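J.: Below are the sequence and a predicted model; questions follow.
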Amino acid sequence: MHIHHIAIICSNYEISKKFYTEILGLQILREVYRSERDSYKLDLGIENQYVIELFSFPNPPKRPSRPESCGLRHLAFAVGNVEEKRDELVSKGLICEEIRVDEFTDKKFFFTQDPDDLPLEFYEMN
């Protein structure tokens, strides 16, 4: 068994679409507008692997991120070079936490957030 995809509901479709595609660099695999739901569905991939469904719905409630609440805590992306990824995201205007080291694995990681304050972690692969 493995994870098929992760679904995210955003508050502003165009802002989130730009964030996930232009800033994070995910690929658009399919985009559809579902008129009966007044909703967009954007399938996004990494290296052509389907990973995220981005949805828009009219007036979704705000996601509680802080303090941390029950439910999905964050998404984590594996990257080859944590420093380079952090520098790239900062150069694109994102506020990123400082790089830390996982006390159990000795791997580097940092957090930022998407336009709706969903925490995103970038974790060292090597």
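T.: Yep, it's here.

J.: Report the distance from stretch 108-126 to the chain centre.
T.: From the chain centre to the centre of stretch 108-126 is a distance of 8 Å (C-alpha atoms, centre = their mean, to the nearest Å).

J.: Same check on stretch 59-74?
T.: 14 Å.

J.: Then stretch 80-99?
T.: Counting by C-alpha atoms, centre = their mean, stretch 80-99 comes out at 14 Å from the chain centroid.

J.: and for it, what are the contacting residues?
T.: 23, 79, 108-113, 122-126 (C-beta atoms under 8 Å, 6 or more residues apart in numbering). Every residue, glycine included, has its C-beta placed from N, CA and C.

J.: Recalculate using a threshold of 7 Å.
T.: Residues from elsewhere that reach stretch 80-99 (C-beta atoms under 7 Å, 6 or more residues apart in numbering): I23, V79, K108, F109, F110, F111, T112, F122, E124, M125, N126.

J.: Contact partners for the closest residue to D102 other than its chain neighbours?
T.: Of all residues not flanking D102 in the chain, F109 sits nearest, at 6.2 Å (C-beta to C-beta, 6 or more residues apart in numbering). Residues in contact with F109 (C-beta under 7 Å, 6+ apart) are V82, R100, D102, E121, F122, Y123, E124.

J.: returning to what we had before: pLDDT added to the contacts of stretch 80-99, as CSV?
T.: Putting the contacts of stretch 80-99 into CSV (pLDDT from 0 to 100) gives the following:
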residue, pLDDT
I23, 96
V79, 95
K108, 97
F109, 97
F110, 98
F111, 97
T112, 97
F122, 97
E124, 96
M125, 90
N126, 72
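
J.: Highest neighbour count among these?
T.: F122 (24 neighbours; other C-beta atoms under 10 Å).

J.: what about D102, neighbour count?
T.: 11.

J.: who's the residue nearest to D102 bridged to?
T.: When bridges are called by DSSP bridges, F109 pairs up with R100, Y123.

J.: Helix, strand or coil: sort out the residue of the chain positioned farthest from its centre for me.
T.: Most distant residue from the mean C-alpha position of the chain: E36, 26.6 Å away (C-alpha atoms, centre = their mean). Per DSSP: H, G, I helix; E, B strand; the rest coil, the secondary structure class of E36 is helix.
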